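Participant: Sharing a sequence plus its predicted fold:
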Amino acid sequence: MAVAVPLRTRRSKVGRALVLAATVALTGCAGPGQTRTTAHGAPFTTGGVAVTVRVESRDGNVRILAKLRPEQRGFHLYSLALPNGGVDGIGIPTRIRTEGGLKATGPATTHAKPRVLRPAGLDVRLPVYEDGLVTLELPVRRLEGTDSARVFLTYGACSETAGCLPPVRDHEVTLRLVG
């Protein structure tokens, strides 16, 4: 048995749903389990690596995501696990840090698969990531009364046969924080 709902009631429910949807879209609010981007920097390419940086919030957790992809096949980003001075002075570790309106609450991580690189002509084993995209994730918290943050990226990319690309040290990305 169907129940008749007056047209006026149906319209008001649809109208309220449309207003709610528009409000969520315009304010960037996200419900439980949803991700909201709260800032992003302009994409750039330096040292032969294309990079994007953004800040996301999910279930109350805020994180910086930096996506790095060497432009040439066969080049690999050095690992977060590479020591600060490299191995026997070779290699530049991948690093991400922040200043200003965001404070790190833990270490940077990635789900990229590690591997060992053995550059031709060198007796060294360097920890790098598999060929392709590497996403760094840095958990952060926003400092009250701030509307911007600076993210600094350090990285380098090498190949087993074609040498290394110019290293990038502390490349600054400025983020305008919203919300």
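Facilitator: Arrived safely.

Participant: So what's the residue count around the residue nearest to L80 when sequence neighbours are not counted?
Facilitator: With C-beta to C-beta, 6 or more residues apart in numbering as the measure, T94 is the residue that lies nearest to L80, at 5.3 Å, once sequence neighbours are left out. For glycine as for every other residue, the C-beta is placed from the backbone atoms N, C-alpha and C. Counted with other C-beta atoms under 10 Å, the burial measure for T94 works out to 28 neighbours.

Participant: Would you confirm that T94 contacts L82?
Facilitator: Yes: between T94 and L82 there is a contact at 7.2 Å, judged by C-beta atoms under 8 Å.

Participant: separation between P167 and G60?
Facilitator: Here P167 is placed at a distance of 36 Å from G60 (C-beta to C-beta, to the nearest Å).

Participant: And these two? Which one has more around it.
Facilitator: The residue with more neighbours, out of P167 and G60 and counting by other C-beta under 10 Å, is P167; that gives 17 against 6.

Participant: Mind pulling up the pLDDT for the more buried one?
Facilitator: The per-residue pLDDT reported for P167 equals 94.

Participant: Hmm, C158 and it touching each other?
Facilitator: No: using C-beta under 8 Å, P167 and C158 do not qualify as a contacting pair, with a distance of 9.6 Å.

Participant: does L175 count as helix, strand or coil?
Facilitator: In three-state terms, and counting by DSSP: H, G, I helix; E, B strand; the rest coil, L175 is strand.

Participant: Can you tell me who the residue lying closest to it once chain neighbours are set aside pairs with across the strands?
Facilitator: With sequence-adjacent residues excluded and distances taken as C-beta to C-beta, 6+ apart, L175 is closest to A39, at 4.1 Å. Applying DSSP bridges to A39 gives these bridge partners: V55.

Participant: What is the burial count for A39?
Facilitator: For A39, the number of neighbouring residues by other C-beta under 10 Å comes to 25.

Participant: Look up how far V178 lies from it.
Facilitator: Where V178 is concerned, A39 sits at a distance of 6 Å (C-beta to C-beta).

Participant: And for P93?
Facilitator: Computed with C-beta to C-beta, the distance linking P93 and V178 is 31 Å.

Participant: Likewise for L77?
Facilitator: Between L77 and V178 the computed distance is 29 Å (C-beta to C-beta).

Participant: In terms of neighbours, single out the busier of these two.
Facilitator: When neighbours are counted by other C-beta under 10 Å, L77 comes out ahead of the other of L77 and V178, with 28 against 13.

Participant: can you list contacts of stretch 67-75?
Facilitator: Counting by C-beta atoms under 8 Å, 6 or more residues apart in numbering, the neighbours of stretch 67-75 from elsewhere in the structure are 45, 48-53, 76-77, 94, 131-136, 153, 155, 157-162, 165.
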